[in-house]
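Undergrad: here is a sequence with its predicted model. Questions after.
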Amino acid sequence: MKKLFCIVSILLALMLMPVIALAQTQEEWNLSCNNKTSGSTTVYKTDAKDEIKETISANTYVKIQGSGTDGLCVITYMVNGRKSTGLVKRSNLVSCSSQVRGSNGIADNVHELDPNHDEILKNNKVITVAESLLQSGTTDYSDLTFELPDSPAAQAAQATAGRKSADKQQDSPAEVQPSVEASQPASTAQKKSTNTTQKKSASTTSQSTRKTTTKGEKLDMSLTMDVPEGGQLAVIYTPNTGKCSLREKASNSSKLIKQCKAGHLVLVLEKGSQFTKINDNGYVGYVQTRCLQFFDELPEAIGTAKLSYNGKATGGTTVNVRHTASKKSRKVEEWRTGTTVTVFSYADGWYEIEHDGVYGYVMDEFLTMDTARE
């Protein structure tokens, strides 16, 4: 009997060994993932996409297992050593691994947590830089050697030189429901008036920036404004990154003045092939010309409208304003229902709109026309 007990114990131990060997620590799991959440993210049950499972924090590392409908995808993630599976919005995920091609011609992934990440990128041809680093990092990757110099990855690295820190990225509002374009109720951060950002002038900048920034005339930007003689209107157009760097001189190595947000209207002062001088709400400097969409002829307004949800222009709902007329396009702003916007055109279910110097597109179901010009 004693001999039989020993044999059974040994067999059980052998059976458990693979389980013990396969157990991953949180650090090992993070390094095995190529994507992570860009902000606080709602997870829905895989068998009932309208039923919330839980909310996971920003910078949670995930593995994408497959695509679902309505812009959702199936992920596996680990929280406090526990693995779970659920549905999340694909737009809430960013890549956290860069890719380089070594001298052997093989493409390799380099995780953002790799302590030698930046050094590896500098010593190899870069295929792409992790979205997480481009969007919320602090390192300037614009001087890297890219396998394809004109690739979207290379353009993104140029456009995000000197971007804001990761701390601000993590403060972005959490989503609260699976609706594609509207969410309610609005968070405290969402309820802050967009006017606060738009009305900030050069006089409120930090002491170090104030000493070096060229101040221009503060303009109330809109597509219906009278453009000064010799000037031209443009919109910050950065679909990959959501922002671009405004610098003192026409050089990527010049001192950073500020980050210009996608969708914001600016006055063109001097157009160049590589860099263009602009006035962005009182800040004068240079941005890469590729980051601008120019208005040779300003669109004519066809009327005004109010943002609405289920036909109501009241309440705490916020509506997404997109960079282009697509659900997959980057979000440039979130405005509360009841906000009055100027409408310029309508096509394929999308309105071209502008409000308080910000230009973009909104789906027709979230807008109610209140006046129309004849």
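TA: On my side now, so go ahead.
Undergrad: quick one: the helices in the stretch 1-150 of the chain?
TA: Applying DSSP state H, counting those that start in this stretch to the stretch 1-150 of the chain gives helices spanning 2-22, 26-32, 117-122, 131-136.
Undergrad: kindly export the third one (C-alpha atoms) in PDB.
TA: Output in PDB follows, covering the C-alpha atoms of helix 117-122 (Å, rounded to 0.1, in the frame of the first residue of the first chain):
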ATOM      1  CA  HIS A 117      14.600  49.400 -27.000                       C
ATOM      2  CA  ASP A 118      15.900  52.800 -28.100                       C
ATOM      3  CA  GLU A 119      19.500  51.500 -28.700                       C
ATOM      4  CA  ILE A 120      18.200  48.700 -30.900                       C
ATOM      5  CA  LEU A 121      16.200  51.100 -33.000                       C
ATOM      6  CA  LYS A 122      19.100  53.400 -33.500                       C
END
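Undergrad: spit out the contact partners of residue 52.
TA: 42, 43, 44, 45 (Cβ atoms under 8 Å, 6 or more residues apart in numbering). All C-beta spots, glycine's among them, are computed from the backbone N, C-alpha and C.
Undergrad: one more: residue 319?
TA: 181, 182, 307, 308, 309, 334, 335, 336, 337, 339, 362, 366.
Undergrad: on that earlier part again, any idea which of the contacts of residue 52 is the one closest to residue 124?
TA: Nearest to residue 124 among these is residue 43, at 35.6 Å by Cβ to Cβ.
Undergrad: re earlier: give the buried subset of the contacts of residue 319 as a ChimeraX selection command.
TA: To isolate the buried members of the contacts of residue 319 in ChimeraX, using 16 or more other Cβ atoms under 10 Å:
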select :181,182,307,308,309,334,335,336,337,339,362,366
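Undergrad: bridged to the closest residue in space to residue 33 that isn't next to it in sequence, which residues?
TA: In space, and not counting its chain neighbours, residue 33 is closest to residue 61: 3.9 Å by Cβ to Cβ, 6 or more residues apart in numbering. Counting by DSSP bridges, residue 61 forms beta bridges with residue 36.
Undergrad: ok, residue 61 touching residue 29?
TA: Yes: using Cβ atoms under 8 Å, residue 61 makes contact with residue 29 at a distance of 6.5 Å.
Undergrad: ok, those two, which is more surrounded?
TA: Shown here are residue 61 and residue 29; by other Cβ atoms under 10 Å, residue 61 has more neighbours (23 against 18).
Undergrad: low-confidence stretches in the stretch 201-350 of the chain?
TA: Along the stretch 201-350 of the chain, the parts satisfying pLDDT under 70 run over 201-221, 228, 230, 315.
Undergrad: which parts of it are helices?
TA: 207-210.
Undergrad: can you map out the strands along it?
TA: Assigned by DSSP state E, counting those that start in this stretch, the stretch 201-350 of the chain shows strands spanning 214-215, 232-236, 243-247, 256-261, 265-270, 275-280, 283-288, 292-295, 303-307, 318-322, 331-336, 340-347, 350-355.
Undergrad: could I get these as JSON lines with distance to residue 225?
TA: Output for the strands of the stretch 201-350 of the chain, formatted as JSON lines (distance: least, Cβ to Cβ, whole Å):
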{"stretch": "strand 214-215", "distance to residue 225": "19"}
{"stretch": "strand 232-236", "distance to residue 225": "8"}
{"stretch": "strand 243-247", "distance to residue 225": "20"}
{"stretch": "strand 256-261", "distance to residue 225": "18"}
{"stretch": "strand 265-270", "distance to residue 225": "9"}
{"stretch": "strand 275-280", "distance to residue 225": "12"}
{"stretch": "strand 283-288", "distance to residue 225": "17"}
{"stretch": "strand 292-295", "distance to residue 225": "11"}
{"stretch": "strand 303-307", "distance to residue 225": "16"}
{"stretch": "strand 318-322", "distance to residue 225": "19"}
{"stretch": "strand 331-336", "distance to residue 225": "19"}
{"stretch": "strand 340-347", "distance to residue 225": "11"}
{"stretch": "strand 350-355", "distance to residue 225": "10"}
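Undergrad: so what's the residue nearest to residue 289 when sequence neighbours are not counted up against?
TA: By the measure of Cβ to Cβ, 6+ apart, the closest residue to residue 289 outside its immediate chain neighbours is residue 276, 4.7 Å from it. By Cβ under 8 Å, 6+ apart, the contact set of residue 276 is 234, 268, 270, 286, 287, 288, 289, 292.
Undergrad: again, only this time at 7 Å
TA: Shown in contact with residue 276 (Cβ atoms under 7 Å, 6 or more residues apart in numbering): 268, 270, 286, 287, 289, 292.
Undergrad: quick check: of these, which lies closest to residue 23?
TA: Here the nearest of the contacts of residue 276 to residue 23, counting by Cβ to Cβ, is residue 287; it sits at 49.6 Å.
Undergrad: burial count for the closest residue to residue 79 other than its chain neighbours?
TA: In this structure, residue 79 finds its nearest non-sequential neighbour in residue 56, 6.3 Å apart by Cβ to Cβ, 6+ apart. Residue 56 has 22 neighbours, counted by other Cβ under 10 Å.
Undergrad: state the distance from residue 56 to residue 97.
TA: Per Cβ to Cβ, to the nearest Å, residue 56 is found 19 Å from residue 97.
Undergrad: do a quick rundown of the strands in the stretch 51-200 of the chain.
TA: Counting by DSSP E, counting those that start in this stretch, the strands of the stretch 51-200 of the chain are 61-67, 72-79, 82-89, 93-95, 97-101, 107-111, 125-128, 182-183.
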